[in-house]
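# Below is the sequence, then the predicted model.
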Amino acid sequence: METGKSNPSADMVLRLADQLDVPLRERNRLLLAAGFAPRYAERPLDGDALSAAWGAIERVLRAHEPYPALVLDRRWNIVMTNRAIDPFLADVAPDLLRPPINMVRLGLDPRGLAPRIVNLAEVRGVLRTRIARQLATAPDAELAALYEELLAPGSEGESHPIESEVVIPMIFRFGERELRLFSTTTTFGTPTDITLDEVAIESYYPTDAESAAYFTKSDAGA
């Protein structure tokens, strides 16, 4: 195959894609390029075929309350949130909240969450790294345009490193209060559907007792 003397079978294409951890959408493109039919379907997340997965995601979001959590698609559009996200959106410009709501734009736009994020340069750097890695694995014109607009090197101000021995927190300022959060990302372990392969749950946790108290008190008062 490397010398062009033989063509790969469909199974060989998929074996190579598996070893290289190629996303399912790109595996379909590889199969088409090799002359084979696509192997993986793409169904709507809220459709009947994925109802069990949709229900599982809803349970994960609810169980994470009173802390914020949301679901993102491959272009960082917000698919679903839990109730703890709502207070963060209170002062956001209405046009940024029209579906599809893009998390990157929401976080970095001056009319969005950017004025509330104390360590905006660090947050921008984390997003830049994650999306650059994603684009290297699965090129996407829309996501690439978003990267060039909001994340290209030189698009941020001076960086002020935040001291942390574990993770880089996201620090929000609400009046005189600062909330320090870190996030985890959850994906489906063995998806065979493109939609499930591309969605991720971002869950946020407080890094200190003061931040945790804000959410537990807010939840008690709801």
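Great, that's in hand.

# the longest strand in this protein is where?
The residue-count maximum for a strand in the chain (DSSP state E) belongs to strand 177-186.

# which other residues reach that strand?
Residues outside strand 177-186 that contact it (CB atoms under 8 Å, 6 or more residues apart in numbering) are 60, 68, 118, 166-173, 200-208, 210-211, 214. Using the backbone N, CA and C atoms, a C-beta is placed for each residue, glycine as well.

# go on, stretch 99-110?
With contacts defined as CB under 8 Å, 6+ apart, stretch 99-110 is touched by 70, 72, 75-78, 92-93, 96, 112-114, 117, 120, 123-124, 127, 131, 146, 150-151, 202.

# go again using 7 Å as the cut-off
72, 76-78, 92, 96, 112-114, 117, 123-124, 127, 146, 150 (CB atoms under 7 Å, 6 or more residues apart in numbering).

# Any of the contacts of strand 177-186 buried? List them.
60, 68, 118, 169-172, 200-207, 211, 214 (16 or more other CB atoms under 10 Å).

# Among the contacts of strand 177-186, which ones are in strands?
Those of those mapping onto strands are Met170, Ile171, Phe172, Arg173, Ala200, Ile201, Glu202, Ser203, Tyr204, Tyr205, Pro206, per DSSP E.

# So which residues of this structure form helices?
For the chain, the helices defined by DSSP state H occupy 10-19, 24-33, 51-64, 103-108, 120-137, 141-150, 194-198, 209-221.

# export those helices to TSV and tack on distance to Arg39?
Shown next, in TSV, are these (distance: least, CB to CB, whole Å):
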stretch	distance to Arg39
helix 10-19	7
helix 24-33	6
helix 51-64	19
helix 103-108	30
helix 120-137	18
helix 141-150	23
helix 194-198	10
helix 209-221	43
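
# start to end distance for stretch 15-35?
Length of stretch 15-35, first residue to last, CA to CA, to the nearest Å: 16 Å.

# now do stretch 111-118
Termini of stretch 111-118 sit 15 Å apart (CA to CA).

# now swap in stretch 54-73 and tell me
Span of stretch 54-73 from end to end, CA to CA: 13 Å.

# Report the buried residues of stretch 40-53.
Applying a neighbour-count criterion of 16+ other CB under 10 Å, one finds Tyr40, Leu45, Leu50, Ala53 buried in stretch 40-53.

# Quick check: nearest residue in space to the first one, chain neighbours excluded?
Looking back up the chat, that one is Tyr40. Leu24 (4.4 Å; CB to CB, 6 or more residues apart in numbering).

# From Ser9, how far off is the one you found?
Distance check for Leu24 against Ser9: by CB to CB, to the nearest Å, it reads 19 Å.

# between the two, which one's more packed in?
The residue with more neighbours, out of Leu24 and Ser9, is Leu24; 21 against 12, by other CB atoms under 10 Å.

# pLDDT weak spots in the protein?
Applying pLDDT under 70 to the chain picks out residues 154-166, 218-222.
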